[in-house]
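Peer 1: Starting from these lines, generate the structure:
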Amino acid sequence: MNTLRGIVKLIAISFMAMIFFLVGTIQAMAVSEYPTKPISLIVPAAPGGGMDVAARLISPYTAKVLGKPVNIVYRPGASNTIGTLDVLTAPADGYTLLMDAHSASSLMAAAIADLPFDWQKRTWIGRLCLDPVFYAVKSDSKWKTLADIAAAAKKNPQEFTWGCGGAGGISTISLSTFLLAAGVSLSGTKRVVFTGGAPALTALAGGHIEFAAQQASEVQSLASAGKIRLIATTLEKRSEDFPEVPTTKEAGFPQVTITGWQGISGPPGLPEHIVNVWVKTLKDAASDPEFLDRAKKVGKVISVLGPEAMKSMVMKQYEEYLYVLTQVGLRK
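Peer 2: The predicted structure is shown next:
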């Protein structure tokens with residue numbers, strides 16, 4: 001009888017071991033198989049802006065590495081909240097991800113008090129790049145420097161028209177920071193809000209607004225074509241592409257240092273193995289000479305951060321932006 005019980009126990013143990021082995025094998029296969037279908041990378045802003053440029057930079061590289069298409073899907077509107085909400089409520093399977101940025105996280109939350117979602121409840125994956133801000137005027141503007149802008153805005157604020165790419169856009173915080181530093185009362189000026197950076201710059205080039213500030217990747221084409229004139233940058237030193245443009249420090253506004261960024265995030269609860277796939281991809285891209293060359297051509301400074309460092313950066317920015325936007329009365 002004892003022998004029979006021993007045999008039964010041995011069979012049971014062997015059966016359970018086989019089950020655990022099969023479950024482990026299936027899980028390992030699931031991990032190794034991601035992705036098995038196309039991935040949607042949501043850009044919550046209009047085409048042509050900083051997030052769009054970053055998405056078009058990383059999507060072909062990622063598609064090549066992962067072996068599946070990474071399709072860019074534009075969901076602009078409501079200061080980036082529409083597209084961001086789409087991602088944060090999507091299944092946590094790694095097939096709907098966010099082309100994240102300050103304007104879809106820290107700056108959005110600082111600018112909009114009553115968001116339709118908890119902006120912190122996302123899976124932080126990684127920062128991809130930095131995107132310095134350039135202040136710009138129309139190519140034939142009489143204003144040549146930031147000091148000219150400050151003087152004009154203070155002298156006749158009701159006629160001073162400036163445009164930003166969304167209430168939660170990088171232009172909002174960068175322009176607000178500059179005008180606050182210059183002693184301009186924003187409440188008396190004319191602020192025009194666009195759906196993204198590209199429409200704001202188009203309006204600037206067309207003379208519909210007088211002053212704007214957008215990221216390097218957004219201003220390059222219009223500046224190179226002579227449609228707008230760059231008058232200052234938040235870079236620590238002058239840009240290699242526009243060496244004639246002084247830094248904000250050189251222009252007399254050293255406290256104006258706002259710099260944009262883009263990265264990847266996902267819905268809450270994204271599995272660790274999917275996060276790891278993307279973190280590795282971003283880090284590999286940062287050491288790929290061909291990718292770095294492409295990034296330089298579109299005005300992006302590759303600077304990868306992992307999930308925890310990215311989250312820490314965003315939370316620090318949120319506190320800084322909240323203070324500035326509250327001070328100037330732009331928190332809605």
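
Peer 1: What backbone torsions are found at the residue nearest to L130 when sequence neighbours are not counted?
Peer 2: Counting by Cβ to Cβ, 6 or more residues apart in numbering, V301 is the residue found nearest to L130 once chain neighbours are left out, at 4.3 Å. For the C-beta atoms, the positions are set from N, CA and C on the backbone; glycine is no exception. Taking degrees, to the nearest 10, you get phi -110, psi 110 for the backbone angles of V301.

Peer 1: Could you check the pLDDT of V301?
Peer 2: Per-residue confidence at V301 stands at 90 (pLDDT).

Peer 1: correct me, but it touches C129?
Peer 2: Yes - here V301 reaches C129: they are 5.9 Å apart, a contact under Cβ atoms under 8 Å.

Peer 1: which one of the two has more residues nearby?
Peer 2: C129 (26 against 16; other Cβ atoms under 10 Å).

Peer 1: picking up where we left off before, list the contacts of the residue nearest to L130.
Peer 2: By Cβ atoms under 8 Å, 6 or more residues apart in numbering, the contact set of V301 is C129, L130, D131, P132, A295.

Peer 1: and for V301 and C129, which residues touch both?
Peer 2: Common neighbours of V301 and C129, counting by Cβ under 8 Å, 6+ apart, are A295.

Peer 1: ok now the longest strand seen in the chain, how far from the chain's centre?
Peer 2: Taking DSSP state E as the criterion, the chain has its longest strand at strand 123-138. Taking Cα atoms, centre = their mean, to the nearest Å, one finds strand 123-138 lying 6 Å from the centre of the chain it belongs to.

Peer 1: Give me the sheet partners of it and which way each runs.
Peer 2: According to DSSP bridges, strand 123-138 forms sheet pairs with strand 211-215 (antiparallel), strand 228-233 (antiparallel), strand 259-266 (antiparallel), strand 301-305 (antiparallel).

Peer 1: Next SSE downstream of it?
Peer 2: The element immediately downstream of strand 123-138 (helix or strand, assigned by DSSP states H and E) is helix 146-155.

Peer 1: tell me the mean pLDDT for the following helix or strand past that following helix?
Peer 2: Toward the C-terminal end, the helix or strand that comes next after helix 146-155 (DSSP H and E) is strand 161-164. For strand 161-164, mean pLDDT is 94.
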